[in-house]
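**Q** curious how this folds, go ahead:
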Amino acid sequence: MKENQYATLILDACFRIHRNLGPGLFESVYEHILNYELAELGLTTQTQFAVPVVWKNIKMDKGFRADIIVESKVIIEIKSVETINPVHQKQLLTYLRLTDIKLGLLINFNEALLKNGIQRVVNGL
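**A** The predicted model follows:
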């Protein structure tokens with residue numbers, strides 16, 4: 001499967017979750033439930049995956065933690081905030097570059113209409 005096919009499955013699951021639970025819960029709640037839904041679809045996921053950052057001769061084993069990585073093809077960054085700020089997009093783009101993953105989904109569950117809280121971020125590699 002390609003990145004966009006995974007993105008469709010991921011977003012379908014996000015819409016189901018948001019339709020049933022609505023906005024206002026902690027990010028960790030949405031993350032846990034989304035991970036469960038993706039596993040139910042037979043997708044391989046890694047949650048709170050520690051990604052190392054290497055600078056010259058320094059290796060930091062836990063440079064950052066990706067909320068969910070799906071099939072090593074898509075990084076999902078989950079938010080439950082009032083407003084997505086440009087720094088959130090930049091953060092996800094940095095994660096994509098450091099992992100050589102092409103597609104990221106920034107999903108803010110704290111929106112009345114979830115479609116307003118979804119942003120695709122693409123790593124030009």
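**Q** A helix includes residue 87, no?
**A** Yes: with DSSP: H, G, I helix; E, B strand; the rest coil as the criterion, residue 87 is part of a helix.
**Q** quick one: low-confidence parts of this structure?
**A** Applying pLDDT under 70 to the chain flags residues 125.
**Q** and if we set it to 80?
**A** Low-confidence segments of the chain (pLDDT under 80): 62-63, 125.
**Q** quick one, longest helix in it?
**A** Determined from DSSP state H, the single longest helix within the chain is helix 3-21.
**Q** which ones are touching residue 1?
**A** 71, 73 (C-beta atoms under 8 Å, 6 or more residues apart in numbering). Every C-beta, even on glycine, is put in place using the N, C-alpha and C of the backbone.
**Q** the protein: helices as residue ranges?
**A** Using DSSP H, the helices of the chain run over 3-21, 27-40, 86-99.
**Q** got the contact list for the longest one?
**A** In other words, helix 3-21. 29-30, 33-34, 37-38, 41, 43, 70-71, 73-74, 76, 102-103, 105, 107, 109, 114, 118, 120.
**Q** what residue lies at the spatial centre of the protein?
**A** residue 76 (1.0 Å; C-alpha atoms, centre = their mean).
**Q** mind checking how far the residue nearest to that residue when sequence neighbours are not counted is from residue 74?
**A** With sequence-adjacent residues excluded and distances taken as C-beta to C-beta, 6 or more residues apart in numbering, residue 76 is closest to residue 68, at 4.2 Å. The gap separating residue 68 from residue 74 is 8 Å, by C-beta to C-beta, to the nearest Å.
**Q** thanks again, I'm all set now.
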